[in-house]
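J.: Compute the structure for the input listed below.
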Amino acid sequence: MSMNMASDISPAGGEGGPHTTMVGGSKPLHRFIRGEPKSTGIVMMFMGSSLFILGIPMRLDTLMSSAETFTPFWLGILFIISGLLYVLTEKNPSKQLVTASLALSIISMLGVTVAFFEFLKGIVHIRQSYDYYDHYNYDYNATESGRVVVPWRKQHLYQLISLEAVFMYQSLVGMVVLIVMTSFARVALHSSKTQAVVVMQDLPSPD
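T.: All right, here's what the predicted structure looks like:
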């Protein structure tokens, strides 16, 4: 955290001495607080928890989805940890916490990018399953290779597609939040560097 300080030391007789000036902003780390990290952190933890919880029944489902690669779980954990750091930073703003928030935000943005395509791939795969079952006659007595095809299968595919779409929407919202908080963190850390300027004026004669 930078500060403003000026000192003028002159020897007796009024002769000028070295003039030291330290320049910088006032409480620059508090610029991170302008992003409302506590409220933002609560939102991130809520989205992360919903991703993790909803990923459990998807992982137990027989159909292949993004949960097969545990995408909702690790993305949810990243969101939860990021939100927790934001809340802690607002309570006790420090350079270490702001730096940790910045680093985790960048990692989370990379994770969101990967997760978005995983969710999209899950939708495509489920859609292909839907097209496969759509060729059948959805009747309780209809069979294909000795297997009974039931009507609720189609509804179940719709539910999984909707859930994957919700995950994609949450990842996009999380990306926007992470970009905003990363900007605030970079500004706060960049402004926290203290600069010192020493000006020597009217040095006294050695005689």
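J.: Can you verify my assumption that residue 70 contacts residue 59?
T.: Yes. Using C-beta atoms under 8 Å, residue 70 is in contact with residue 59, at 7.4 Å. The C-beta positions use only the backbone N, C-alpha and C, and glycine is treated the same way.
J.: measure the closest residue to residue 186 other than its chain neighbours to residue 153 for me?
T.: Leaving aside its chain neighbours, residue 186 sits nearest to residue 102 (6.5 Å; criterion: C-beta to C-beta, 6 or more residues apart in numbering). Noted for residue 102: a distance of 47 Å to residue 153, by C-beta to C-beta, to the nearest Å.
J.: Strands of the chain, start to end?
T.: Assigned by DSSP state E, the strands in the chain fall at 5-8, 18-23, 143-144, 147-148, 195-200.
J.: can I assume residue 40 is in contact with residue 176?
T.: No. Contact criterion C-beta under 8 Å: residue 40 and residue 176 do not qualify, at 10.7 Å.
J.: So for those two, which sits in the more crowded spot?
T.: Between residue 40 and residue 176, counted using other C-beta atoms under 10 Å, residue 40 has the larger neighbour count: 20 against 10.
J.: can you give me the helices in this protein?
T.: Listed in chain order, the helices of the chain (DSSP state H) span 37-60, 71-91, 95-134, 152-191.
J.: So what touches stretch 93-104?
T.: Contacts with stretch 93-104, where a contact means C-beta atoms under 8 Å, 6 or more residues apart in numbering, come from 1, 29-30, 32-33, 37, 78, 81-82, 85-86, 88-89, 181-182, 185-186, 188-189, 192.
J.: Spit out the contact partners of the nearest residue in space to residue 37 that is not next to it in sequence.
T.: Once flanking residues are discounted, residue 37 sits nearest to residue 86: 3.8 Å by C-beta to C-beta, 6+ apart. Applying C-beta under 8 Å, 6+ apart, one finds that residue 86 lies in contact with 37, 38, 40, 41, 44, 101, 181.
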